[in-house]
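Asker: build me a model from this:
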Amino acid sequence: MQILSPRHVKTEESLRLGVGEGWYSTKVSGTFVTGPHVTREDCLSRIAELNPAPAKKKF
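Answerer: Alright, predicted model coming up:
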């Protein structure tokens, strides 16, 4: 499982990187995984889809 974080890329940085402005899910290394997303909530929703919460163990 990879750890993903939301990151906002503003206009100036988007021009430098050659990507669209918006929210991206990124790896710890800084690599973009998904995006751009319009809102932070959209980005967090996509992160949750890619990294579902671990299932609880039944005893």
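
Asker: quick one: buried residues of stretch 25-45?
Answerer: Buried positions in stretch 25-45, judged by neighbour count with 16 or more other Cβ atoms under 10 Å: 25-26, 34-37, 42-44. (Glycine included, C-beta is placed from N, CA and C.)

Asker: report the beta-bridge partners for the most centrally placed residue in the chain.
Answerer: The centroid of the chain falls nearest to S25 when counting by Cα atoms, centre = their mean (1.2 Å). Taking DSSP bridges as the rule, S25 bridges to P6, T34.

Asker: so it makes contact with R40?
Answerer: No. In this structure S25 lies outside contact range of R40 using Cβ atoms under 8 Å: 10.5 Å.

Asker: residues shared between the contacts of those two?
Answerer: Counting by Cβ atoms under 8 Å, 6 or more residues apart in numbering, the residues touching both S25 and R40 are P6.

Asker: all strands of the protein, in order?
Answerer: All strands of the chain, identified by DSSP state E, fall at 5-9, 22-26, 32-37.

Asker: tabulate those strands (JSON lines), appending mean pLDDT and distance to K57.
Answerer: Supplementary listing: the strands of the chain in JSON lines, determined by pLDDT from 0 to 100; distance: least, Cβ to Cβ, whole Å:
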{"stretch": "strand 5-9", "mean pLDDT": "97", "distance to K57": "27"}
{"stretch": "strand 22-26", "mean pLDDT": "97", "distance to K57": "28"}
{"stretch": "strand 32-37", "mean pLDDT": "96", "distance to K57": "28"}
